[in-house]
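Undergrad: Dropping the sequence and predicted coords here.
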There are 2 protein chains.
Amino acid sequence: MERVAIAAARSPLSDRARPMDQTGTIEKATDVLFFLHRQSAGCGISDIGRALDIPKSSVHRLLAALASRGLVEKDDTGRYRTGMALVALGLGVLEREPIVQVVRPILEQLALSVGETCFLVAARGGRLRVLEKAEGTGFLRAAPQVGAEVPHRVTAAGKLYLALDPEALAPPVDGHSSAAPVRSEEVRDGDRARIRIQERGLAWNRDEWIAGLSVVAGAVYMGDRLVGALALALPSPALAERDAQELEQQVKAAAEEASSRLSGLGRVPGSAWPPAADSR
Amino acid sequence: MERVAIAAARSPLSDRARPMDQTGTIEKATDVLFFLHRQSAGCGISDIGRALDIPKSSVHRLLAALASRGLVEKDDTGRYRTGMALVALGLGVLEREPIVQVVRPILEQLALSVGETCFLVAARGGRLRVLEKAEGTGFLRAAPQVGAEVPHRVTAAGKLYLALDPEALAPPVDGHSSAAPVRSEEVRDGDRARIRIQERGLAWNRDEWIAGLSVVAGAVYMGDRLVGALALALPSPALAERDAQELEQQVKAAAEEASSRLSGLGRVPGSAWPPAADSR
DNA sequence: TACACTGTTCCGTATAATGGAACGTGTGGC
DNA sequence: GCCACACGTTCCATTATACGGAACAGTGTA
């Protein structure tokens, strides 16, 4: 099954970890986890040690500790891979997101009716992340990875955020230099495009991030707060054969439906409330 | 949205971690992760310290290390919760499972046609885990948690495994006392039931694990190896109003379809192959 | 057979985690 | 309005804990 895999290039966090390698047991252990995550097949201790520049014995100890809690597992050939406990933890994070619960059925319906991949992107800690997806049916289709990070300037969701809630992107640490110096005509063009996005609540990205991939995203609000971008992705040639305006309308309608459902529930939905203080 | 939440009682690994608290940095860090996972809402440092009996300053350090890699996040109120990086890791584990890829569409179709929750259970490291689910449409419906563990003896999937591949359950560590002493008539009854399950490739569980919940599971094979149990769950009263034999037939057909698709592909499917040695 | 390669165990070393105390903050109560 | 309490955070001397080289045992290749 061939797919256009957007954001499949590399794990989003590996880059962040690269420049300043904090030396600590937990950091090393998580580096091992992410390394195993990147490997599509199981991995041996020596491989890990070489790749991460950690002695074999240390890798062995780290893996033993991680395995004792189910974060990694040994398959029958003795190779290590990421463990099922991570599934429970990861799915738990998603289930705790009200937006995902509300938007999931809308995504699925939209994907079904259009036949192309739909997904939800939201800002978390200054970064844009894919929170949920519903894949289309095409042989060639977008297949984003849930949990993956997407860039700001060259994606439909990113443009939406930059136009409607730039504060949500990259707020952590140093607040200085919120905008890099840009040429004056770029500013004017950028402003014009931004205003248009603000007016319509829609943003496009045609081949800007990935050649051959076009995306239109609609703003999802909770009350008056932007809480996500509902995006429809399709191969650019397929877009040429379709009515772009009608696609826009479908995305906009889906985003507005999501907004109205989200604004309906006061704060935290269903099973996630009340807090249910832990017994022990 | 009210649901019968099967296996929602507590995190499957918390129990395992309880009896013998290994003292180590990684173990402590993962304990913090699982504690945050159990909390439905964000959690403060002091809460965690009290619950896990760890000094505040240590908790602070652990959280800082985990947060540096995105495994935990601070929400806007300064409370900690499990982080998006876990989503990527957890989803990665699932995507790496050939069975999940193959069975997912079958689960969804079955759930759609029956209108009740379907899920896939498989043995991993001697334990039975929910690998994937497709929820039904009922107001009262089973809602298992993907990644959660289910018991052996009182579930349909467990009976299937005990009858067809008992070796897959609890092989680790001490191989002694593979069977606890049982009464003779229990043995005879057990044998009779087991033989029936072996013949039919189907197992039932009516109210044995959770009152009001009935499940029928069909065996999924890859070649001649049992690789999972495809289960259909519904409230017991709903079962009384339906044709149990027809449900059996649907589950059996779905399980056989899954088996045939799995046996079709030689070993590892699609994008997970070839291994693609990591660049760095 | 000898080799190169695994994963695993051992143990002396010193690094890195520890936890009590002190600091700065803000939320709720008298 | 103040006080009191609990919070998250920082600091630092102590030592428990993670470290990693070396030796071991099992496996498949030349």
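TA: Cool, got the structure.

Undergrad: Next one: the residue lying farthest from the centre of chain A relative to residue A:46, how far apart?
TA: Largest separation from the mean C-alpha position in chain A: residue A:57, at 35.1 Å (CA atoms, centre = their mean). Distance, residue A:57 to residue A:46, by CB to CB, to the nearest Å: 11 Å. (Glycine included, C-beta is placed from N, CA and C.)

Undergrad: is it true that residue A:120 lies in a helix?
TA: No. If the criterion is DSSP: H, G, I helix; E, B strand; the rest coil, then residue A:120 is strand and not within a helix.

Undergrad: close enough to count as contact, it and residue A:134?
TA: No. Counting by CB atoms under 8 Å, residue A:120 stays clear of residue A:134, with 9.1 Å between them.

Undergrad: And the two? Which one has more around it.
TA: Neighbour tally, residue A:120 and residue A:134, criterion other CB atoms under 10 Å in any protein chain shown: the higher count belongs to residue A:120, 30 against 19.

Undergrad: what bridges to the more buried one?
TA: residue A:132, residue A:230 (DSSP bridges).

Undergrad: who's in contact with it?
TA: Contacts for residue A:120 (CB atoms under 8 Å, 6 or more residues apart in numbering or on different chains) come out as A:99-100, A:103, A:107, A:130-133, A:220, A:228-231.

Undergrad: switch to 6 Å and redo it
TA: A:103, A:131-132, A:228, A:230 (CB atoms under 6 Å, 6 or more residues apart in numbering or on different chains).

Undergrad: Then residue A:115?
TA: Counting by CB under 6 Å, 6+ apart, residue A:115 has contacts A:136-137.

Undergrad: The closest residue to chain B within chain A and DNA strand C, how far apart?
TA: Nearest residue of chain A to chain B (CB to the nearest CB) works out as residue A:90 at 2.0 Å. For residue A:90, the distance to DNA strand C equals 24 Å [CB to the nearest atom of the strand, to the nearest Å].

Undergrad: distance of that residue from DNA strand D?
TA: Taking CB to the nearest atom of the strand, one finds residue A:90 at 24 Å from DNA strand D.

Undergrad: I'd like to know how many residues surround residue A:158.
TA: Residue A:158: 23 surrounding residues under other CB under 10 Å.

Undergrad: returning to that earlier point: okay but the residue of chain A closest to chain B is in contact with residue B:86, surely?
TA: Yes. Counting by CB atoms under 6 Å, residue B:86 is a contact partner of residue A:90 at 4.5 Å.

Undergrad: domains for chain A, by residue range?
TA: Listed domain ranges for chain A are A:12-90, A:97-171+A:185-264 (source: automatic domain parsing).

Undergrad: centre of the chain versus the first one, how much separation?
TA: The one in question is domain A:12-90. Relative to its chain's centre, domain A:12-90 lies at 22 Å (CA atoms, centre = their mean, to the nearest Å).

Undergrad: for the longest one, same thing?
TA: Relative to its parent chain, domain A:97-171+A:185-264 has a centroid offset of 11 Å by CA atoms, centre = their mean.

Undergrad: follow-up on the earlier one: compare the domains of chain A and give me the one nearest residue B:153.
TA: Proximity to residue B:153 (CB to CB) singles out domain A:12-90 among those, at 20.6 Å.

Undergrad: mean confidence score for that closest one?
TA: Regarding domain A:12-90, the rounded mean pLDDT is 81.

Undergrad: How about stretch A:27-41, which residues are buried there?
TA: Using 16 or more other CB atoms under 10 Å in any protein chain shown as the test for burial, stretch A:27-41 gives A:27-40.

Undergrad: Do that stretch and chain B come into contact?
TA: Yes. Judged by CB under 6 Å from any CB of the partner chain, stretch A:27-41 and chain B are in contact via A:27, A:29-30, A:37-41.

Undergrad: now the residues you listed in a markdown table, with secondary structure?
TA: Converted to a markdown table, the residues of stretch A:27-41 next to chain B look like this (three-state DSSP):
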| residue | secondary structure |
| --- | --- |
| A:27 | helix |
| A:29 | helix |
| A:30 | helix |
| A:37 | helix |
| A:38 | helix |
| A:39 | coil |
| A:40 | coil |
| A:41 | coil |
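
Undergrad: ok so, going back, then the residue of chain A closest to chain B would be within a strand, right?
TA: No. Secondary structure assignment (three-state DSSP) places residue A:90 in helix, not in a strand.

Undergrad: give me every residue that touches it.
TA: Counted by CB under 6 Å, 6+ apart, residue A:90 has contacts B:86-87, B:89-91.

Undergrad: Bridged to residue A:216, which residues?
TA: Under DSSP bridges, the beta-bridge partners of residue A:216 are residue A:204, residue A:232.

Undergrad: Tell me if I'm right that it and residue A:231 touch.
TA: No. Contact between residue A:216 and residue A:231 fails when scored by CB under 6 Å: they sit 7.0 Å apart.

Undergrad: who touches both of those two?
TA: residue A:156.

Undergrad: Of these two, give the one with the bigger neighbour count.
TA: residue A:231 (28 against 23).

Undergrad: tell me the contacts of the more buried one?
TA: A:119, A:156-157, A:215, A:217.

Undergrad: Please report how far residue A:151 lies from DNA strand D.
TA: Distance, residue A:151 to DNA strand D, using CB to the nearest atom of the strand: 28 Å.

Undergrad: Please apply the same query to residue A:154.
TA: For residue A:154, the distance to DNA strand D - CB to the nearest atom of the strand - is 33 Å.

Undergrad: and that residue, which of the three is it?
TA: coil.

Undergrad: so what's it up against?
TA: A:208-209.

Undergrad: again with residue A:26
TA: Contacts of residue A:26 (CB under 6 Å, 6+ apart): B:29, B:65.

Undergrad: Quick check: the gap between it and residue A:38.
TA: For residue A:26, the distance to residue A:38 (CB to CB) stands at 19 Å.

Undergrad: helix or strand for the nearest residue to residue A:168 once chain neighbours are set aside, which one?
TA: Nearest residue to residue A:168 in three dimensions, chain neighbours excluded: residue A:123, at 4.0 Å (CB to CB, 6 or more residues apart in numbering or on different chains). Secondary-structure element containing residue A:123, defined by DSSP states H and E: strand A:117-124.

Undergrad: mind saving the C-alpha coords of that strand as CSV?
TA: Listed in CSV are the C-alpha atoms of strand A:117-124, where the atom choice follows Å, rounded to 0.1, in the frame of the first residue of the first chain:
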residue,chain,number,x,y,z
THR,A,117,-7.6,12.1,4.4
CYS,A,118,-8.8,14.5,7.1
PHE,A,119,-6.9,15.4,10.2
LEU,A,120,-6.9,17.6,13.2
VAL,A,121,-4.0,19.8,14.1
ALA,A,122,-3.6,21.8,17.3
ALA,A,123,-0.9,23.8,19.1
ARG,A,124,0.7,22.1,22.1
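
Undergrad: how many neighbours does the closest residue to residue A:233 other than its chain neighbours have?
TA: Closest residue to residue A:233 apart from its sequence neighbours, by CB to CB, 6+ apart: residue A:142 at 3.8 Å. If you count neighbours by other CB under 10 Å, residue A:142 ends up with 27.
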